[in-house]
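[1] whatever this is, show me its structure:
(one chain, ligands or ions: 1)
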Amino acid sequence: MRYVSTRGQAPVLSFEQAMLTGLARDGGLYVPETIPTLTAADIAALAGQPYEEVAFRIMRPYIGDAFTDDEFRSIIARAYEHFGHAARAPLVQLGANHFLLELFHGPTLAFKDFAMQLIGQLFQASLSRSGKRVTIVGATSGDTGSAAIEAFRGLSNVDVVILFPHGRVSEVQRRQMTTPSEGNVHALAVDGDFDDCQARVKDMFNDFEFRDSVGLAGVNSINWARVLAQVVYYFTAATSLGAPQRTVDFTVPTGNFGDIFAGYIAKRMGLPIGKLVVATNQNDILHRAISTGGYITQGVTPSISPSMDIQVSSNFERALFDVYDRDGAAVAGQMADLKEKGGFQISQGALQRLQETFASGRASEEETADTIRTTFAQTGEVLCPHSAVAVKVAAEQMTDAPMITLATAHPAKFPAAVQAACGQHAPLPNRMADLYERSERVTRVANDLAAIEQLVHERRAH
Ligand SMILES: *Cc1c(COP(=O)(O)O)cnc(C)c1O
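    This is a model prediction of the structure:
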């Protein structure tokens with residue numbers, strides 16, 4: 001399996017190279033050259049299999065000869081062993097034909113664990129074979145950083161350095177980053193906001209001397225291996241509700257478009273998905289783009305579902321690449337307009353193709369809180385604000401097919417918003433009930449590239 005860039009100008013890479021590289025050198029994102037398909041019999045045979053077995057069968061065609069079957073099976077086993085639910089991604093019923101896919105039973109209580117835990121094990125397997133050592137750096141507004149630290153803690157060939165805005169992440173999120181005691185984990189509290197953190201990470205990647213001296217690597221949401229890991233639960237959920245005989249719909253709380261793009265890949269692999277519904281909060285650029293064709297940035301307004309507060313949705317580029325018939329130059333043109341003019345217009349033909357697969361909707365702050373309250377009253381399920389956005393949009397998009405809504409975080413990660421909406425205190429699961437007692441380790445640093453780079457040099461193992 002070979003990987004090509006969405007902008008058509010970067011070298012074609014293997015799975016392992018694409019995973020270690022992240023962003024393509026032409027600024028594009030790597031996608032598989034072809035999408036493997038499963039027969040109806042292959043899909044039917046997935047029903048009732050353990051999550052790890054489905055993961056192996058779905059992902060195996062994408063990894064080429066990077067790992068032997070035995071190696072890949074043990075990578076998958078290690079990735080999911082610390083999940084707090086035997087099903088890994090259990091499905092619960094919300095209404096007559098509406099189901100919730102709970103993706104928050106991983107170590108940091110958000111769906112990002114599915115991809116990050118796998119990528120940690122993939123990196124470690126690849127680096128221990130080559131004898132190389134890398135420094136993963138990332139900026140976070142909360143969820144990504146904690147998932148990355150949890151995935152890479154204690155791995156011998158990796159240091160992980162996470163920059164977060166001092167005083168601007170929730171207490172649960174901060175503690176998840178500052179309480180791991182392993183020496184290869186480095187949490188840096190930057191005197192600045194999330195954009196400052198992201199800008200300093202970019203600066204580090206552009207400082208080639210520094211980049212090479214510490215072996216900088218990134219694991220942000222554009223990494224193909226992260227998308228791939230998320231394809232798996234679309235198959236486990238749909239087959240447990242009767243696919244391939246029955247068609248199902250999905251609604252996904254969306255920010256960077258990684259999670260819903262994984263659903264699109266599942267559909268292209270042959271899973272009978274009717275529609276994929278993009279659910280946005282008040283930062284609704286994707287809803288506007290899919291319903292009108294205009295992708296126009298308007299600034300970000302903070303919401304109670306902060307992981308969806310975006311205006312540049314990186315993985316959307318992968319969907320554009322396909323609806324433009326894999327024309328890298330056309331995609332590059334739109335991305336240049338985004339950068340220079342703050343937006344672009346999707347062509348009629350491409351928009352039509354986009355709308356054949358994707359529907360969309362939005363939820364205001366009030367509607368989100370209302371949905372948390374009514375869902376709790378009617379079903380006893382306590383939703384996090386991100387999942388509530390999707391439940392609201394899903395209700396508007398119901399057809400005769402079963403609707404599966406993705407629940408992307410545990411309500412205990414957003415206790416204040418949940419309490420305000422439905423009066424419930426959402427407790428942390430038992431396995432992390434002592435999070436508030438564990439001791440923290442964090443380094444406060446100025447919003448200054450030289451100071452941050454020096455810290456990285458000092459702290460990482462040699
Ligand atoms: C990251 C995140 C999202 C958005 O997922 P994308 O793949 O970026 O679209 C939604 N909900 C939660 C809780 C998240 O952490």
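
[2] in which helix or strand does residue 124 reside?
    Here residue 124 is covered by helix 112-130, with elements defined by DSSP states H and E.

[3] and the stretch 1-150 of the chain, which residues reach the ligand?
    For the stretch 1-150 of the chain, the contact set with the ligand under Cβ under 6 Å from any ligand atom comprises 110, 112, 143. For the C-beta atoms, the positions are set from N, CA and C on the backbone; glycine is no exception.

[4] again, only using 5 Å
    Applying Cβ under 5 Å from any ligand atom, we find that the stretch 1-150 of the chain lies next to the ligand at 110, 143.

[5] now do the strands in the stretch 1-150 of the chain.
    The residue ranges that make up the strands of the stretch 1-150 of the chain, judged by DSSP state E, counting those that start in this stretch, are 3-5, 30-32, 91-95, 98-102, 134-139.

[6] next secondary structure after the least confident helix or strand in the chain by mean pLDDT?
    Taking all helices and strands of the chain together, the one with the lowest average confidence (mean pLDDT, DSSP states H and E) is helix 194-206, at a mean of 86. Past helix 194-206, heading to the C-terminal end, the next element that is a helix or strand (DSSP H and E) is helix 208-214.

[7] lowest average confidence across the strands of the stretch 1-150 of the chain, which one?
    Lowest mean pLDDT within these: strand 134-139, at a mean of 92.

[8] list the contacts of that one.
    Under the criterion Cβ atoms under 8 Å, 6 or more residues apart in numbering, residues 20, 123, 127, 144-145, 148, 152, 157-164, 194, 197-198, 200-201, 204, 214-220, 456, 460 lie in contact with strand 134-139.

[9] name the nearest residue to the closest residue to the ligand within the stretch 101-250 of the chain, ignoring sequence neighbours.
    In the stretch 101-250 of the chain, the residue found nearest to the ligand is residue 143; the distance is 3.7 Å by Cβ to the nearest ligand atom. If the residues on either side of it in the chain are set aside, residue 143 comes closest to residue 110, at 4.7 Å by Cβ to Cβ, 6 or more residues apart in numbering.

[10] which residues touch that neighbour?
    103-104, 143, 146-147, 307, 408-410, 413.

[11] save the residues you listed as JSON lines, and put in neighbour count too.
    JSON lines is the format used below for the contacts of residue 110 (neighbours: other Cβ atoms under 10 Å):
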{"residue": "103", "neighbour count": "25"}
{"residue": "104", "neighbour count": "27"}
{"residue": "143", "neighbour count": "26"}
{"residue": "146", "neighbour count": "31"}
{"residue": "147", "neighbour count": "31"}
{"residue": "307", "neighbour count": "25"}
{"residue": "408", "neighbour count": "28"}
{"residue": "409", "neighbour count": "24"}
{"residue": "410", "neighbour count": "27"}
{"residue": "413", "neighbour count": "26"}
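
[12] give me the angle between the helix holding residue 124 and strand 134-139.
    Interaxial angle of helix 112-130 relative to strand 134-139 (axes from the mean of the first three to the mean of the last three Cα atoms, to 10 degrees): 160 degrees.

[13] which parts of helix 112-130 are buried?
    For helix 112-130, the buried set under the neighbour-count rule, 16 or more other Cβ atoms under 10 Å, comprises 112-127.

[14] check stretch 32-46 too.
    Along stretch 32-46, these residues count as buried under the neighbour rule (16+ other Cβ under 10 Å): 32, 35, 38, 43, 46.

[15] ok, stretch 92-107 next?
    By 16+ other Cβ under 10 Å, the buried positions in stretch 92-107 come out as 94, 98-107.

[16] cool, stretch 328-336 as well?
    Residues of stretch 328-336 classed as buried under the neighbour-count rule (16+ other Cβ under 10 Å) are 328, 330-332, 334-335.

[17] could you do stretch 132-147 as well?
    Neighbour-count burial for stretch 132-147, with 16+ other Cβ under 10 Å as criterion, is recorded at 133-147.

[18] ok, these vs residue 80, which is closest?
    Within the buried residues of stretch 132-147, the smallest distance to residue 80 is 13.6 Å, found for residue 147 (Cβ to Cβ).

[19] thought that closest one was touching residue 118?
    No - shown here, residue 147 and residue 118 do not form a contact pair, counting by Cβ atoms under 8 Å, at 11.1 Å.

[20] quick revisit: farthest pair within the contacts of residue 110?
    103 and 146 (15.0 Å).

[21] just the helices in the stretch 1-150 of the chain please.
    If you assign secondary structure with DSSP state H, counting those that start in this stretch, the helices in the stretch 1-150 of the chain sit at 15-21, 40-44, 51-59, 69-80, 112-130, 143-152.

[22] Serialize these to a markdown table and add fields for distance to residue 27 and mean pLDDT.
    Written out in a markdown table, the entries for these read as follows (distance: least, Cβ to Cβ, whole Å; pLDDT from 0 to 100):
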| stretch | distance to residue 27 | mean pLDDT |
| --- | --- | --- |
| helix 15-21 | 12 | 91 |
| helix 40-44 | 36 | 98 |
| helix 51-59 | 26 | 98 |
| helix 69-80 | 30 | 98 |
| helix 112-130 | 22 | 95 |
| helix 143-152 | 21 | 92 |
